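Undergrad: when you get a sec, could you give me coordinates for this:
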Amino acid sequence: MSAGFVNGSSRPDFREVAERLRVPGMGTEVIAPLLSHLVHLVRPERVLEVGMGYTTPFIAKALAEVDELVEAEAKALVGKNAPYLDSGREFDEDWITTEPALLVPGYYREPRRSRFIAVDDLSDEYSSAAKCQDLLTELGLGGSVTVVNAKMRQCRDALPADFLPIDFAWVDAWDCLYFFENCLDLINPDGGILAMHYLRTYPEGEAILEYIADTQRIRPGEFEVLSLLESQKVRQNSITVLRRTKGPKKEYSDVGQRAKLTGAFREDAVRLAEADHQRT
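TA: Purely as a prediction, here's the structure:
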């Protein structure tokens, strides 16, 4: 990442500023950085948060960082590809391991357009949601988050049509079951993520997890589930992550991790170079 981060969220006091949103009883001091890392890992473009607070600036910051990383990687990849394309050489193992290493040209063919919508009716007196917008502005992230003042059950109708499918949803609200039953189809079937807070260790949450497990058995192959527990806490101590799996399976390598570097792979590299030339 370049030193002059465009959104200002690389400022060294980010954590100190964000800390003003942390409410000890909400239990998100570990979850917020985890969500940031997940955004970096899966690189979603359309991100939804239901229930604003301490996690909001972490997600916004991560999205802005990924946007800049993708732009920088695309430029570097064009430069890396040029000697191979100009000489007609096939991509090889040296190409794979040369920086930027391991990247798939097809990922960078289309410009990235990330969007982050946060839904909250600001009615919870114990939440820091009402303070989020001012703090995001202070961090230089104010324009990166669209805040929708609505309740959880209004969420589906409140989202713009061009925001779908959702690539990453973080639901930190009591009525997670409603979201699962009524909004799961909004999550991108090709690997979209739905993360939900605090479903373990209390009877209602465990019942929701059992219902999700029953649904998974009835609809095999539609999603995967993983719950992680912070066992040192008495509540607000888990995250359940669903990954939708109905999209086409992608295969990047053959047996033995032998990468497929010809055909469509090379064509994507050519088109990436052409798109870069047109932009410059």
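Undergrad: using the three-state scheme, assign residue 220.
TA: coil (DSSP: H, G, I helix; E, B strand; the rest coil).
Undergrad: what's the spacing between it and residue 278?
TA: 44 Å (Cβ to Cβ, to the nearest Å). Glycine gets a C-beta too; all of them are placed from N, C-alpha and C.
Undergrad: pretty sure residue 224 sits in a helix.
TA: No - per three-state DSSP, residue 224 lies outside any helix segment and is strand.
Undergrad: what about the residue nearest to it when sequence neighbours are not counted, neighbour count?
TA: Among residues not flanking residue 224 along the chain, residue 243 sits closest, at 4.7 Å (Cβ to Cβ, 6 or more residues apart in numbering). Close neighbours of residue 243, defined as other Cβ atoms under 10 Å, add up to 16.
Undergrad: let's see the helix or strand residue 243 falls within as CSV, backbone CA atoms only.
TA: Under the criterion of DSSP states H and E, residue 243 resides in strand 238-245. The C-alpha trace of strand 238-245 is given here as CSV (Å, rounded to 0.1, in the frame of the first residue of the first chain):
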residue,chain,number,x,y,z
SER,A,238,-19.2,-15.6,19.4
ILE,A,239,-19.4,-15.0,15.7
THR,A,240,-21.2,-17.3,13.2
VAL,A,241,-20.0,-17.1,9.6
LEU,A,242,-22.1,-18.5,6.7
ARG,A,243,-20.5,-18.8,3.3
ARG,A,244,-22.8,-19.3,0.3
THR,A,245,-21.7,-22.0,-2.0
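Undergrad: give me the contact list for that strand.
TA: Residues from elsewhere that reach strand 238-245 (Cβ atoms under 8 Å, 6 or more residues apart in numbering): 31, 34, 38, 180, 184, 187-201, 205, 209, 212, 221-230.
Undergrad: how about the strands in the stretch 51-200 of the chain?
TA: Listed in chain order, the strands of the stretch 51-200 of the chain (DSSP state E, counting those that start in this stretch) span 115-119, 146-148, 168-171, 190-197.
Undergrad: most packed of these?
TA: Highest mean neighbour count among the strands of the stretch 51-200 of the chain (mean count of other Cβ atoms under 10 Å): strand 168-171, with a mean of 26.
Undergrad: give me the sheet partners of it and which way each runs.
TA: Here strand 168-171 has these sheet partners by DSSP bridges: strand 46-50 (parallel), strand 190-197 (parallel).
Undergrad: so how far is stretch 34-44 from its chain's centroid?
TA: Here stretch 34-44 is found 5 Å from its chain centre; the criterion is Cα atoms, centre = their mean, to the nearest Å.
Undergrad: likewise stretch 118-136?
TA: 21 Å.
Undergrad: dump that stretch to PDB, restricted to CA.
TA: Only the C-alpha atoms of stretch 118-136 are listed here, as PDB (Å, rounded to 0.1, in the frame of the first residue of the first chain):
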ATOM      1  CA  ALA A 118     -24.900   0.500   7.200                       C
ATOM      2  CA  VAL A 119     -28.400   0.000   8.500                       C
ATOM      3  CA  ASP A 120     -29.500   1.200  12.000                       C
ATOM      4  CA  ASP A 121     -32.500   3.000  13.400                       C
ATOM      5  CA  LEU A 122     -30.400   4.600  16.100                       C
ATOM      6  CA  SER A 123     -32.900   3.600  18.800                       C
ATOM      7  CA  ASP A 124     -30.600   1.600  21.100                       C
ATOM      8  CA  GLU A 125     -29.500   3.900  23.900                       C
ATOM      9  CA  TYR A 126     -26.600   1.700  24.800                       C
ATOM     10  CA  SER A 127     -25.200   1.600  21.300                       C
ATOM     11  CA  SER A 128     -22.600   4.000  19.900                       C
ATOM     12  CA  ALA A 129     -24.300   4.000  16.500                       C
ATOM     13  CA  ALA A 130     -25.400   7.600  16.700                       C
ATOM     14  CA  LYS A 131     -21.700   8.700  17.000                       C
ATOM     15  CA  CYS A 132     -20.600   6.800  14.000                       C
ATOM     16  CA  GLN A 133     -21.000   9.300  11.200                       C
ATOM     17  CA  ASP A 134     -19.100  12.100  13.000                       C
ATOM     18  CA  LEU A 135     -16.300   9.700  13.800                       C
ATOM     19  CA  LEU A 136     -16.100   8.400  10.300                       C
END
